[in-house]
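Undergrad: Predicted model, plus sequence, below.
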There are 2 protein chains.
Amino acid sequence: MYEGPVQDLIDELGRLPGVGPKSAQRIAFHLLAAEPADIGRLQDALQKVKEGVVFCDVCGNVSAETTCRICRDTRRDVTLICVVEEPKDVLAVERTREFKGRYHVLGGALDPLSGVGPDQLRIRQLLQRIGNQVDGKDVAEIIIATDPNTEGEATATYLVRMLRDFPGLTVTRLASGLPMGGDLEFADELTLGRAMSGRRVV
Amino acid sequence: MYEGPVQDLIDELGRLPGVGPKSAQRIAFHLLAAEPADIGRLQDALQKVKEGVVFCDVCGNVSAETTCRICRDTRRDVTLICVVEEPKDVLAVERTREFKGRYHVLGGALDPLSGVGPDQLRIRQLLQRIGNQVDGKDVAEIIIATDPNTEGEATATYLVRMLRDFPGLTVTRLASGLPMGGDLEFADELTLGRAMSGRRVV
């Protein structure tokens, strides 16, 4: 197609998720016209990620230090742990500003067809966290916030089974129902069914 | 948002054209899980582009050597020059397999509001090419293939004015009309009007 380095860059960019051939070409020509310093910053960022990103010892979230900002924050409730699949889910929950506990990042969801079983997720570490006191306090509640899809639901079911033997531990799951700002008419049957069965007294 | 190197990478990726915050995050987490060798290849490609891409001395297209593959190809007609805005337009015309002449890449289109005048484009070089013989042959036809939008049309009009003083030179413009596979009903008025005024005897 193109000659030399430009085509190499287009090929490499095209391997990234969500970047098609047209986008790759557009980005390559943007970089061609960019300042060397701008490309340098992108290279540096790649280098640092290549050298290895630190994950929090406690919760498994991406972190700048061995223990992440949230796990270091003593104002946050250590008795409340929200279990999510990925670091980006931590960000999604944080954006709500509704949650003042800690997190536990599983690193995915159960998906036997792709070879992801309980041992591939950080479930053992979660059980250890629940077994150990932090600042003399026991974990009181686990909020399971896996995705509301097949893998996420399977993971939630598995976790509930593992966690029900802990005395005095409450296990909850995020509510399913109609998204805010939505339209009843356009809700799918499954969502509307969940909203119906999960109805609350007002 | 995230801590440390991951956020830096998301920020840098988010500066690329067509990459929004969500895509940047998705690409960053993909790279986090990628093999260091894969990231290395992307870094190398960036490095080569940063060190400078060669543009063809003759046509201005991106090139691996000082003269590009097309301008070196002696089987291609030197008397026929297709004038395009960008290197990607060369690729688009090449894909048609209809054109066996040479190219001239302007490097953009006239856009006075963005500070792009005739001097910012490779128009002087085009006039020089037309003035000089290649292999003892004069340029016979210039096909103006700028984009069919305001800037492209303005550039085409300007070029026609510059080129009409060359004796024996034919200047043509790509046909405007209905796109193939389209539907008359859904054509915009401007396109349908152009198709009407450009109608041909069959």
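TA: Nice, I can see it. For clarity, every value in this text was computed on a predicted model and none was experimentally measured.
Undergrad: hey, let's count contacts and neighbours off CA atoms from now on
TA: Noted.
Undergrad: For the host helix or strand of residue A:195, which helices and strands make contact with it?
TA: Using DSSP states H and E, the element containing residue A:195 is helix A:189-197. With contacts taken as 3 or more CA pairs under 8 Å, 6 or more residues apart in numbering or on different chains; DSSP states H and E, helix A:189-197 sits against no other helix or strand.
Undergrad: buried residues in it?
TA: Using 16 or more other CA atoms under 10 Å in any protein chain shown as the test for burial, helix A:189-197 gives A:191-192, A:195.
Undergrad: min pLDDT across those, which one?
TA: Among these, residue A:195 carries the weakest pLDDT, at 82.
Undergrad: so who does it touch?
TA: Applying CA atoms under 8 Å, 6 or more residues apart in numbering or on different chains to residue A:195 gives the contacts A:176-178.
Undergrad: Buried residues in the longest strand along chain A, which are they?
TA: Identified as the longest strand of chain A according to DSSP state E is strand A:77-84. The neighbour-count check on strand A:77-84 (16+ other CA under 10 Å) flags A:78-84 as buried.
Undergrad: which one of the residues you listed is nearest residue B:5?
TA: When the buried residues of strand A:77-84 are compared for distance to residue B:5 (CA to CA), residue A:84 wins out at 21.4 Å.
Undergrad: Okay, that closest one and chain B: tell me how far apart.
TA: 15 Å (CA to the nearest CA, to the nearest Å).
Undergrad: Next: residue A:83.
TA: In terms of CA to the nearest CA, residue A:83 sits 17 Å off from chain B.
Undergrad: Same question for residue A:109.
TA: 16 Å.
Undergrad: Could you report the neighbour count for that residue?
TA: 25 (other CA atoms under 10 Å in any protein chain shown).
Undergrad: ditto for residue A:116
TA: Residues lying near residue A:116 (other CA under 10 Å) number 13.
Undergrad: Check what contacts stretch A:136-146 and list those residues.
TA: In contact with stretch A:136-146 (CA under 8 Å, 6+ apart) are residues A:78-85, A:109, A:130-133, A:152-153, A:155-156, A:168-174.
Undergrad: give the contact list for residue A:41.
TA: By CA under 8 Å, 6+ apart, the contact list for residue A:41 reads residue B:12.
Undergrad: Which of the helices and strands in chain A ranks last by mean pLDDT?
TA: helix A:189-197 (a mean of 84; mean pLDDT, DSSP states H and E).
Undergrad: what residue lies at the spatial centre of chain A?
TA: residue A:86 (2.0 Å; CA atoms, centre = their mean).
Undergrad: on that earlier part again, just curious, which of the buried residues of helix A:189-197 is nearest to residue B:48?
TA: Distances from residue B:48 to the buried residues of helix A:189-197, taken by CA to CA, are shortest for residue A:191, at 50.5 Å.
Undergrad: So the nearest residue to the closest one once chain neighbours are set aside, which state does it fall into?
TA: Closest residue to residue A:191 apart from its sequence neighbours, by CA to CA, 6 or more residues apart in numbering or on different chains: residue A:177 at 5.6 Å. Taken by DSSP: H, G, I helix; E, B strand; the rest coil, the conformation at residue A:177 corresponds to coil.
Undergrad: right, and residue A:177 touches residue A:190 too?
TA: No - when contacts are counted by CA atoms under 8 Å, residue A:177 is not listed as touching residue A:190 (9.0 Å).
Undergrad: Residue A:93: which element?
TA: helix A:87-96.
Undergrad: Pull the residues that contact the next helix-or-strand element following that helix.
TA: For helix A:87-96, the following helix or strand on the C-terminal side (DSSP H and E) is strand A:101-105. By CA under 8 Å, 6+ apart, the residues outside strand A:101-105 that reach it are A:58-61, A:70-71, A:76-87, A:90, A:122, A:126.
Undergrad: Just the C-alphas of strand A:101-105, formatted as PDB.
TA: What follows is strand A:101-105, C-alpha atoms only, in PDB (Å, rounded to 0.1, in the frame of the first residue of the first chain):
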ATOM      1  CA  GLY A 101     -15.700   1.300  50.700                       C
ATOM      2  CA  ARG A 102     -12.800  -0.600  49.200                       C
ATOM      3  CA  TYR A 103     -12.600  -2.600  46.000                       C
ATOM      4  CA  HIS A 104     -11.500  -6.000  44.800                       C
ATOM      5  CA  VAL A 105     -10.600  -6.500  41.200                       C
END
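Undergrad: for the record, mean pLDDT for that strand?
TA: 96.
Undergrad: chain center to it: distance?
TA: Mean-position distance between strand A:101-105 and its chain equals 10 Å (CA atoms, centre = their mean, to the nearest Å).
Undergrad: Strand partners (parallel or antiparallel) of that strand?
TA: strand A:77-84 (parallel) (DSSP bridges).
Undergrad: Just give me how far the strand it pairs with sits from the chain centre.
TA: The answer for strand A:77-84 is 14 Å, by CA atoms, centre = their mean.
Undergrad: Export it to PDB, keeping only CA atoms.
TA: The C-alpha trace of strand A:77-84 is given here as PDB (Å, rounded to 0.1, in the frame of the first residue of the first chain):
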ATOM      1  CA  ASP A  77     -14.700   1.900  54.900                       C
ATOM      2  CA  VAL A  78     -12.600  -1.300  55.200                       C
ATOM      3  CA  THR A  79     -15.700  -3.400  56.200                       C
ATOM      4  CA  LEU A  80     -17.200  -2.900  52.700                       C
ATOM      5  CA  ILE A  81     -15.700  -4.500  49.600                       C
ATOM      6  CA  CYS A  82     -17.100  -4.000  46.100                       C
ATOM      7  CA  VAL A  83     -16.000  -6.800  43.800                       C
ATOM      8  CA  VAL A  84     -15.500  -5.900  40.100                       C
END
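Undergrad: Residues in contact with that strand: which ones?
TA: Contacts for strand A:77-84 (CA under 8 Å, 6+ apart): A:90, A:100-106, A:134, A:137-147.
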